[in-house]
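# Pasting a predicted model and its sequence here:
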Amino acid sequence: MTATSIDTQLLRFSDVAMTFPNGTTALEGVDLTVDRGEFVTVVGPSGCGKSTLLRIASGLESATEGGVELDTDRIGYVFQDATLLPWRSVQANVELLAELHKVPKAQRTEAAKAAIDLVGLTGFEKNLPRELSGGMRMRTSLARSLTLDPELFLFDEPFGALDEITRERLQDELLRIFVEKRFAGLFITHSVSEAVYISTKVVVMSGRPGHIVDTFDIPFPMPRDPEVRFTAEFAELTGKISHALREGHR
Amino acid sequence: MATTTPTTTVRADVSAAGTRSISTFRLGRGLKTLWPPLAVLAAIILGWYVLSLVVLAERNFLLPPPHEIFTEALFNPGTAADIFLALWRTALVAVTGLAIAIVLGIVWAVAMSQARWVERSLFPYAVILQCIPILALVPLIGFWFGFNFEARTIVCVLIALFPMVSNTLFGLQSVEKSQRELFQLQGASRWTVLTKLQLPAALPAIFAGMRISAGLAVVGAIVGDFFFRRGTPGIGSLLSDYTSRIQSAELFAAIIVACLFGVAVFVLFGWIGRRAVGRWYESNRG
């Protein structure tokens, strides 16, 4: 981790700790870097402070100790739920962020159109969120963040509530968009196989107070072949990470 | 199903999304929901006849048979004109009072939603407003504002205000934390959060509040009529006139007209609410 050059670093946590006002320590001594072109996934038991990591990176919360360096202001944030505004159509929901940044109407309509196309929702622009499935809502949420053309994309267990088939499909979609857009990703999940499949690097966190117990580089090339899931190498990596996870949780 | 063909990238997860048409079966459902209350109405009318003609017999000035309400009052041009003119004046008071209550209530709730300390300072007074027996204030209102239109409107506002305040506040605070954070991440101002997130999210609750307040405004206007009888009479003063003159058919006609007016206002505001937010908001009352 120390070998990375400063130019390519997009996000760097050095010795970050987070203690909430009520006294619980969520994070302790966290060192983590996300480089440009990297897709880093953090796995850990629930309640280990994984989400807190994202909240600190995005500025929703500030660390009580340590340093956070961020080399971009174009950050995408995808929440656990799709957080769509139910009174807005898909089109209007996707336009929201650009609208908040006062982007002119014609320009944001175009950006939204491109993003909707990228997530495969063309034809559903006029639908309301209540008319969409969970997977389509998550696609809309993804498209909404894509309109900002983020350099750093933060994902807080976005596929956690979806069924297995939809989940795998969205993982493939996300990989495709990652290869096309080349943002850097920081992804939170508690699914080890999801982590291995979508990442270039997997970081394992311990139970509370969360700290990093191990880091694994994922050697499979991008764009990733869905068949990689069924290789022996994939199974071995998944096994190793699961072990590390169990060790860290003890 | 959605009308447009999806691109190939969307596969299995599309099928779960059904866009069901809300208006289908409206008519059939309308009849089905209408006949039980109609049956109850028929039973009430039957019981009424029995009570009026058999039980009360000569003393049925206490409860005239239903048809007399029409023959003696509603179909009597002079009486009908009196009743509807009075109703019109009462309606004017109710609508004015309601409009003031809606504006005041929303402003009050928005103020409270902006800061915890404002809410802590102002909410107790909304509760007190709800708790004071309005009749205890009536003499004071008359004393300060006279016994005319203004006084009646003020009674109306006092009665109708609380549901607007509490519903709007509830609606404004119903916004999910993550949605708020979505706005926060983009550095949205307080005003933007209010107008683009909180107020739209609060609309269903605001309309529910309006419906309750509209009903209460009618009550308030009629109560106001009873106490503040200077100036042109409303339906409330007409009711007490008919009672004192033992004009029971006219009295019942006025009561029924006042009831129908209350129902109409309730239905109207329900309809406005559905028109405004029904497309995206699914009320659990169906």
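Okay, I see it. Numbers count the residues shown, from 1 in each chain, chains lettered A, B, ... in the order given.

# any idea which element the residue lying farthest from the centre of chain A lies in?
Centroid-distance maximum for chain A: residue A:106 at 29.0 Å, with CA atoms, centre = their mean. Using DSSP states H and E, residue A:106 maps to helix A:105-118.

# could I have that helix exported to CSV, CA atoms only?
Extracted in CSV, the C-alpha atoms of helix A:105-118 (Å, rounded to 0.1, in the frame of the first residue of the first chain):
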residue,chain,number,x,y,z
LYS,A,105,-31.9,22.8,-18.1
ALA,A,106,-30.8,21.8,-21.6
GLN,A,107,-27.5,20.6,-20.4
ARG,A,108,-28.8,18.5,-17.5
THR,A,109,-31.5,17.0,-19.7
GLU,A,110,-28.8,15.8,-21.9
ALA,A,111,-26.6,14.5,-19.1
ALA,A,112,-29.6,12.7,-17.6
LYS,A,113,-30.4,11.1,-21.0
ALA,A,114,-26.9,9.8,-21.4
ALA,A,115,-26.8,8.4,-17.8
ILE,A,116,-30.2,6.8,-18.2
ASP,A,117,-28.9,5.2,-21.4
LEU,A,118,-25.8,4.0,-19.7
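
# just checking, what's the longest helix in chain B?
helix B:77-114 (DSSP state H).

# Does anything pack onto that one? Which helices or strands?
On a contact count with 3 or more CB pairs under 8 Å, 6 or more residues apart in numbering or on different chains; DSSP states H and E, helix B:77-114 meets helix B:116-131, helix B:149-172, helix B:199-227, helix B:235-244, helix B:248-277. Every C-beta, even on glycine, is put in place using the N, C-alpha and C of the backbone.

# Residue numbers of chain A in contact with chain B?
Residues of chain A lying close to chain B by CB under 8 Å from any CB of the partner chain are A:58-60, A:75, A:77, A:79-81, A:83, A:85-87, A:96-97, A:99-101, A:117, A:119-124, A:127-136, A:139, A:165-166, A:169, A:173.

# Next step: those restricted to strands.
In strands, judged by DSSP state E, the following of the residues of chain A next to chain B are found: A:75, A:77.

# What subset of the residues of chain A next to chain B is buried?
Neighbour-count burial (16 or more other CB atoms under 10 Å in any protein chain shown) applied to the residues of chain A next to chain B gives A:58, A:75, A:77, A:79-81, A:83, A:85-87, A:96-97, A:99-100, A:119-124, A:127-129, A:131-136, A:139, A:166, A:169, A:173.

# Would you mind putting the helices and strands packed on helix B:77-114 into TSV with mean pLDDT, distance to chain A and mean neighbour count alongside?
TSV is the format used below for the helices and strands packed on helix B:77-114 (pLDDT from 0 to 100; distance: least, CB to the nearest CB, whole Å; neighbours: other CB atoms under 10 Å in any protein chain shown):
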stretch	mean pLDDT	distance to chain A	mean neighbour count
helix B:116-131	91	16	13
helix B:149-172	93	12	24
helix B:199-227	93	5	23
helix B:235-244	90	39	19
helix B:248-277	91	7	17
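
# mind putting those in TSV, distance to residue A:36 included?
Output for those, formatted as TSV (distance: least, CB to CB, whole Å):
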stretch	distance to residue A:36
helix B:116-131	42
helix B:149-172	41
helix B:199-227	37
helix B:235-244	75
helix B:248-277	44
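
# Any idea which of the ones you listed gets closest to residue A:194?
helix B:199-227 (31.9 Å; CB to CB).

# so that closest one versus helix B:235-244, what angle?
Comparing the axes of helix B:199-227 and helix B:235-244 via axes from the mean of the first three to the mean of the last three CA atoms, to 10 degrees yields an angle of 30 degrees.

# who are the neighbours of helix B:199-227, in terms of helices and strands?
Using 3+ CB pairs under 8 Å, 6+ apart: helix B:199-227 touches helix B:77-114, helix B:134-145, helix B:149-172, helix B:235-244, helix B:248-277.

# Show me the residues of chain A next to chain B that map onto helices.
Reading helices off these with DSSP H, I get A:58, A:96-97, A:99-100, A:117, A:134-136, A:139, A:165-166, A:169, A:173.

# Which of the three states applies to the residue nearest in space to the middle of chain A?
A centroid search over chain A (CA atoms, centre = their mean) returns residue A:155, at 2.3 Å, as the residue closest to the centre. Counting by DSSP: H, G, I helix; E, B strand; the rest coil, the backbone at residue A:155 sits in strand.

# pLDDT score for the residue nearest to it when sequence neighbours are not counted?
Leaving aside its sequence neighbours, residue A:155 sits nearest to residue A:187 (CB to CB, 6 or more residues apart in numbering or on different chains; 4.3 Å). Looking at residue A:187, its pLDDT stands at 96.

# cool, residue B:133 as well?
Reported pLDDT for residue B:133: 86.

# same question, residue A:21
Per-residue pLDDT puts residue A:21 at 89.

# my guess is residue A:10 is in a strand, correct?
Yes - counting by three-state DSSP, residue A:10 is found in a strand.

# Quick one: residues contacting it.
Residue A:10 makes contacts with A:34, A:35, A:36, A:38, A:70, A:71, A:72, A:151, A:152, A:184, as judged by CB atoms under 8 Å, 6 or more residues apart in numbering or on different chains.
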